[in-house]
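*Asks:* Structure for this input, please:
(one chain, ligands or ions: 1)
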Amino acid sequence: MDKHTRDKHAQNTQERDRQARIASNLSCVMRQIQAAAQAYQTKTGIAEHRVKLIAVSKYQDIDSMRALHLAGQCAFGENKVQDLRQKVGEFAVIAPAKPIEWHFIGTLQRNKINALLALSPTLIHSIDSLELALALDERCKAQGRIQPVLLQVNAANEPSKHGFSPESTLEAFARISSQARNLQICGLMTIGAHTQDIARIQESFQKTKELYDCMKAQSSHINTLSMGMSGDFAYAISQGATMVRIGSALFTTH
Ligand SMILES: *Cc1c(COP(=O)(O)O)cnc(C)c1O
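*Replies:* Prediction:
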């Protein structure tokens with residue numbers, strides 16, 4: 001083998017290793033999700049509790065995302081509008097036939113609303129103020145579209161986090177529902193309490209679930225409770241999450 005062939009060979013082997021690793025991460029995460037959903041069904045007596053996986057690709061390059069997509073994952077989440085735009089463009093080239101669901105999970109600045117809407121996100125998880133909701137609604141109205149969204153709850157009242165306080169969430173839901181007719185509120189999103197204390201993490205998910213149940217009692221459109229990341233998704237599912245947002249556990253390659 002000459003040097004070029006040898007390098008090429010090494011590169012292909014590396015690529016295959018990455019593909020195998022990411023596929024194995026995905027099946028491992030799916031098994032854990034399944035197990036937690038099963039346990040939730042048993043605990044609550046609910047016949048079937050489905051949990052949807054959003055692969056958070058915010059720190060990943062297109063090759064890792066392609067590997068996960070080849071393994072069967074079709075819903076991805078990004079937290080910056082410019083990154084989302086780049087990845088939507090790259091995916092259109094590598095997988096033009098298969099539709100990808102794009103979820104926006106980051107803080108949305110008002111001056112990025114038009115750029116985000118141009119990318120047709122499946123769901124915006126991070127409506128964190130009445131002002132943002134009204135500004136987004138105005139753009140949706142002008143474009144004649146209905147945008148599915150979640151309200152973000154700062155369930156542990158952490159100063160470092162965005163979102164409605166638990167105390168103000170239901171009022172925000174009522175006001176946004178009546179004033180922002182071009183937003184379809186589908187439920188809530190939260191980020192678990194930032195602590196090692198499992199009881200406090202559980203409590204932040206439980207509080208969000210209670211608010212979600214109140215909203216569900218008021219509207220037939222409420223069907224999505226987005227909570228749980230790599231470190232805490234099993235706890236989130238045990239409290240009733242219907243959607244988890246997982247990054248590092250899927251993409252780690254060592
Ligand atoms: C980064 C991020 C995630 C995923 O975090 P991991 O710990 O990598 O699983 C989920 N949700 C939001 C809002 C994020 O910013």
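*Asks:* Identify the single longest helix in this protein, thanks.
*Replies:* helix 3-44 (DSSP state H).
*Asks:* In the chain, which residue sits closest to the ligand?
*Replies:* Gly247 (2.8 Å; C-beta to the nearest ligand atom). Any C-beta I mention is one placed from the backbone N, CA and C, and that applies to glycine too.
*Asks:* Count the neighbours of the residue nearest to that residue when sequence neighbours are not counted for me.
*Replies:* Leaving aside its chain neighbours, Gly247 sits nearest to Val56 (3.4 Å; criterion: C-beta to C-beta, 6 or more residues apart in numbering). Using other C-beta atoms under 10 Å, Val56 has 24 neighbouring residues.
*Asks:* what about Val56, distance to Lys87?
*Replies:* 12 Å (C-beta to C-beta, to the nearest Å).
*Asks:* what sits in contact with each of these two?
*Replies:* 76, 78 (C-beta atoms under 8 Å, 6 or more residues apart in numbering).
*Asks:* what sits against the residue nearest to Gly247?
*Replies:* Per C-beta under 8 Å, 6+ apart, neighbours of Val56: 76-79, 105, 229, 245-247, 250.
*Asks:* ok, now Leu84?
*Replies:* Contacts of Leu84 (C-beta under 8 Å, 6+ apart): 78, 102, 104, 116, 119, 121.
*Asks:* Go through these and flag which are in helices.
*Replies:* Going by DSSP H, the helices hold Leu116 from the contacts of Leu84.
*Asks:* Please look at Gln179 and Asp137 and confirm they touch.
*Replies:* Yes. Contact criterion C-beta atoms under 8 Å: Gln179 and Asp137 qualify, at 7.4 Å.
*Asks:* Those two: which has the busier surroundings?
*Replies:* Asp137 (20 against 12).
*Asks:* Kindly provide the distance from the more buried one to Ala180.
*Replies:* 4 Å.
*Asks:* mean confidence for stretch 160-177?
*Replies:* What stretch 160-177 shows for mean pLDDT is 97.
*Asks:* Is that stretch in proximity to the ligand?
*Replies:* No. For stretch 160-177, no contact with the ligand is found by C-beta under 6 Å from any ligand atom; the gap never falls below 9.6 Å.
*Asks:* Kindly report the same for stretch 25-42.
*Replies:* No. Residues of stretch 25-42 contacting the ligand under C-beta under 6 Å from any ligand atom: none, with a closest distance of 9.6 Å.
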